[in-house]
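Participant: Quick one, what's the 3D model for this:
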Amino acid sequence: MKIATWNVNSVRIREPHVCRWLQRVEPDVLLLQEIKCEEKQFPAPAFKALGYDSVVAGQKSYNGVAILSRIPLDVHHVTLPGLPPEDAQARYLEIAAAGVTIGNLYLPNGNSGGEAGFAYKMAWMDRLADRAQALLDSDTPFVLAGDYNVAPADVDYATGTLPTDDALVRPETRARFRRMLWAGLTDAVRVTTPTGPIYTFWDYQGGAFQRDRGLRIDHALLSPVMADRLISAAPDKNVRAEDQPSDHVPVLVTFED
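Facilitator: Below is the predicted model of the structure:
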């Protein structure tokens, strides 16, 4: 089973990139973030032509998540459980497919909106940890993957790319990420590449990709059962070298069936 996550930074612009990648890699499930469109604007027919059904939690011009699947699925949640009902930001989508619960998340960046914006990020991470714990308590095999907007350790960002007070690396942010690891989840990419830098994002400015000055902020956290089934997990760095790429690359995680 192959599950991938990719912040595409506008699916309507990146539709050809996604289609090429689906044809080349053939994941069973692809989680998309920052689609930047409502469901009616989502290019579902293009993906359907390749054998993928679409589930979309969209938002006009901002945020938005979607799941493409070539295997049957059931939708469990279109918002993160525990968030206030008036929260209108489209950042979470949860399905079940092939006996696995899969959560697709686009975690708030936390750098805009001052301390209120950072507090929203913290509250969102707390609710995500609560959801992870609920799934652990029910012995559900699951994957929580997406753009976490967290660089968990100093090795996860190139020197000088982020100030020490950036919301992606603040101690409060990292502590909440560790909370999920300490609860029993496995960081798929880091467990397969335990040392050294490995990145999933390169800024458009300053030749960041050419100089390999990147960040690792896209993650797949696995329940114990899924960690036992893990074969490989890695970003597809070559995608960033294409014309008009997203600033993120897909992260592909492969499991034993």
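
Participant: ok, now which ones touch the residue nearest in space to the middle of the chain?
Facilitator: Among the residues of the chain, the one closest to the centroid is residue 146, at 0.8 Å (Cα atoms, centre = their mean). Contact partners of residue 146, counting by Cβ atoms under 8 Å, 6 or more residues apart in numbering, are 5, 7, 31, 33, 65, 103-107, 218-219. C-beta coordinates here come from the backbone N, C-alpha and C atoms, glycine included.

Participant: likewise residue 167?
Facilitator: By Cβ under 8 Å, 6+ apart, the contact set of residue 167 is 109-111, 117-118, 121, 149, 173.

Participant: Let's see that with 10 Å instead.
Facilitator: By Cβ atoms under 10 Å, 6 or more residues apart in numbering, the residues touching residue 167 are 108-112, 117-118, 121-122, 149-150, 173.

Participant: Secondary structure class of it, three-state.
Facilitator: Secondary structure, DSSP: H, G, I helix; E, B strand; the rest coil: residue 167 is coil.

Participant: Spatially nearest residue to residue 219 (excluding sequence neighbours)?
Facilitator: Once flanking residues are discounted, residue 219 sits nearest to residue 148: 4.9 Å by Cβ to Cβ, 6 or more residues apart in numbering.

Participant: returning to what we had before: sitting in strands, which of the contacts of residue 146 do you find?
Facilitator: With strands taken from DSSP state E, the overlap with the contacts of residue 146 comprises 5, 7, 31, 33, 65, 103-106, 218-219.

Participant: Starting from the helix ranked longest in the chain, tell me the next helix or strand along the chain.
Facilitator: If you go by DSSP state H, the chain has its longest helix at helix 114-137. Sequence order places strand 142-147 as the next helix or strand after helix 114-137, per DSSP states H and E.

Participant: Mind listing the strands that next one pairs with, and their directions?
Facilitator: In the sheet, strand 142-147 lines up against strand 100-106 (parallel), strand 218-222 (antiparallel) (DSSP bridges).

Participant: closest one to residue 179 among those strands?
Facilitator: Among the strands paired with strand 142-147, strand 218-222 comes nearest to residue 179, with 11.1 Å by Cβ to Cβ.

Participant: Average pLDDT for that closest one, rounded please.
Facilitator: Averaged across strand 218-222, pLDDT comes to 98.

Participant: How about stretch 8-21?
Facilitator: Mean per-residue pLDDT for stretch 8-21: 98.

Participant: Flag every buried residue along stretch 87-100.
Facilitator: The neighbour-count check on stretch 87-100 (16 or more other Cβ atoms under 10 Å) flags 87, 89-98, 100 as buried.

Participant: Next step: those residues restricted to strands.
Facilitator: Members of these lying in strands (criterion: DSSP E): 92-97, 100.

Participant: Could you provide the residues you listed in TSV, with additional columns for pLDDT and distance to residue 191?
Facilitator: Formatted as TSV, these follow (pLDDT from 0 to 100; distance: Cβ to Cβ, whole Å):
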residue	pLDDT	distance to residue 191
92	98	24
93	98	25
94	98	23
95	98	24
96	98	24
97	98	23
100	98	18
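
Participant: From residue 129, how far off is the closest residue to residue 92 other than its chain neighbours?
Facilitator: Closest residue to residue 92 apart from its sequence neighbours, by Cβ to Cβ, 6+ apart: residue 80 at 3.9 Å. Per Cβ to Cβ, to the nearest Å, residue 80 is found 11 Å from residue 129.
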